[in-house]
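Engineer: sharing a sequence plus its predicted fold:
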Amino acid sequence: SLQNNKLFEVPADALEILTSLEALHLDSNQLQSVPSGSLKSLRRLQKLWLNGNQLREIPNQALSRLPELEALDLGENKIQ
């Protein structure tokens with residue numbers, strides 16, 4: 001879990017080796033963006049928590065590479 005760590009960003013290659021990860025908590029940080037390449041290797045990801053950040057948008061490419069994604073929480077962000 002990377003929850004509540006005051007993260008400002010997720011580097012594009014930070015999650016690269018976690019190919020079997022099924023759930024990822026990135027909530028309650030200070031993320032302002034999710035680079036489109038940062039989630040590309042998480043092909044088995046089913047649940048993603050991004051709530052409680054400073055996100056304004058999520059690039060379509062960031063989520064389109066997550067074929068198993070079933071649950072996504074984007075609450076408490078600045079997405080319009």
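Structural biologist: Perfect, I can see it now.

Engineer: list the contacts for the closest residue to A14 other than its chain neighbours?
Structural biologist: Excluding its sequence neighbours, the residue lying closest to A14 (CB to CB, 6 or more residues apart in numbering) is S38, at 6.7 Å. (Each C-beta comes from the backbone N, C-alpha and C, glycine too.) With contact set as CB atoms under 8 Å, 6 or more residues apart in numbering, S38 has these partners: V10, P11, A12, D13, A14, L15, A62.

Engineer: wasn't S38 part of a strand?
Structural biologist: No: applying DSSP: H, G, I helix; E, B strand; the rest coil, one finds S38 to be coil, outside a strand.

Engineer: what's it sitting at in phi/psi?
Structural biologist: Main-chain torsions, S38, degrees, to the nearest 10: phi -70, psi -20.

Engineer: what's the pLDDT at it?
Structural biologist: Note on S38: pLDDT of 88.

Engineer: between the contacts of S38, which is nearest W49?
Structural biologist: V10 (12.8 Å; CB to CB).

Engineer: now that closest one, what's its secondary structure?
Structural biologist: coil.

Engineer: how about the one 5 residues further on?
Structural biologist: Taken by three-state DSSP, the conformation at L15 corresponds to coil.
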